[in-house]
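> Build me a structure from this.
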Amino acid sequence: TFVLISKFGKDVMMRLKQYKDELLSACLTFVLSLPHAIVHADFNAFFPAIETSLQLGLGYLPLAESAMSALESWISLSPTKDCFHSLLPVLDKYMAVVLGPSDADVDEEV
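As a prediction, this is how the structure comes out:
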């Protein structure tokens with residue numbers, strides 16, 4: 001069972017570029033919810049799902065929540081922490097969305 005799910009997860013990851021909209025979101029959610037043992041066995045194959053999910057999650061909150069949850073639990077699974085640096089530009093976009101224009105800026109425009 002472990003081998004079959006792992007193989008299917010890798011197949012899904014290879015085909016992600018062919019998918020869009022709901023199918024892409026469903027496949028990413030599947031990969032993000034894989035058991036930790038499967039992700040740990042081949043972390044580098046599954047890690048791009050977090051980055052893609054965070055990028056798409058800017059417009060679809062449930063996917064962003066799944067990505068953040070997976071990121072939280074996958075941090076301990078990574079053999080090296082170097083791969084997480086690639087997420088910083090994507091996470092920066094979340095900070096820009098959260099901060100947005102301040103109330104002072106809005107008052108000045110009126």
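
> just for this protein, where's the confidence low?
97-110 (pLDDT under 70).

> at 50 what do you get?
110 (pLDDT under 50).

> tell me, what residue is most central in it?
residue 50 (2.3 Å; C-alpha atoms, centre = their mean).

> Could you check the helix or strand where that one lies and say which residues are buried?
Taking DSSP states H and E as the definition, residue 50 sits inside helix 48-57. For helix 48-57, the buried set under the neighbour-count rule, 16 or more other C-beta atoms under 10 Å, comprises 49, 50, 51, 52, 53, 54, 55, 56, 57. To be clear about C-beta, it is placed using only N, CA and C from the backbone, and glycine gets the same treatment.

> OK, contacts around the fourth one?
Spelled out, it's residue 52. 16, 28 (C-beta atoms under 8 Å, 6 or more residues apart in numbering).

> Look up how far residue 19 lies from it.
10 Å (C-beta to C-beta, to the nearest Å).

> Then residue 71?
21 Å.

> Neighbour count: the two, which is higher?
residue 71 (18 against 14; other C-beta atoms under 10 Å).

> Nice, that's everything, thank you.
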